[in-house]
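**Q** Turn this into a structure:
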Amino acid sequence: MMLSSKAYAASDWDRAFHHLERAHILGQREFSPHLKTHYGMLKIGFLRRDWREVVGQVLRIMAVFPASLFGWVPIGNTGGANVSALKPMAIPEDLARLFED
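**A** Sure, this is the predicted structure:
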């Protein structure tokens, strides 16, 4: 999230979004981090005028509570509107070690 914030402050939306996707992989099982990543993606969607992303993030934000409550989070999903919210994805190697326990 810190790297995303730095990229956001530098108006590097692509890099900020990339770091939000990685943060989503790590935090999607916890309510607050999950919500924060989708909110960040929503803000970037507005800045890019990417209405598909905006709509996708609004829907995902509405789903954060039930997803967190019932554990409906597909492992490795990056959280962007360019992928199905239900699709499990491979975890990047550098993050996979954090899931070993």
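
**Q** any idea of the mean pLDDT for the longest helix belonging to the chain?
**A** Longest helix in the chain by number of residues (criterion: DSSP state H): helix 51-70. Helix 51-70 shows a mean pLDDT of 94.

**Q** Tell me, what's the model's pLDDT at Ile75?
**A** 90.

**Q** Any idea how many residues pack against it?
**A** When counting by other CB atoms under 10 Å, one arrives at 12 neighbours for Ile75. Every C-beta, even on glycine, is put in place using the N, C-alpha and C of the backbone.

**Q** quick one: contacts for it?
**A** The contact partners of Ile75, by CB atoms under 8 Å, 6 or more residues apart in numbering, come to Pro88, Met89, Ile91, Phe99.

**Q** redo that, cut-off 6 Å
**A** Pro88 (CB atoms under 6 Å, 6 or more residues apart in numbering).

**Q** and what of Ile91?
**A** Neighbouring residues of Ile91 by CB under 6 Å, 6+ apart: Gly76.

**Q** could you measure it against Leu59, distance?
**A** Using CB to CB, to the nearest Å, one obtains 23 Å as the distance from Ile91 to Leu59.

**Q** same thing with Phe17?
**A** Relative to Leu59, and taking CB to CB, Phe17 is found at 17 Å.

**Q** Looking at these two, which one has more neighbours?
**A** Phe17 (25 against 12).

**Q** Skipping adjacent residues, who's closest to the more buried one in space?
**A** Leaving aside its sequence neighbours, Phe17 sits nearest to Ile44 (CB to CB, 6 or more residues apart in numbering; 5.1 Å).

**Q** didn't that neighbour look like it was pressed against Asp12?
**A** No - Ile44 is beyond contact range of Asp12, at 10.2 Å (criterion: CB atoms under 6 Å).
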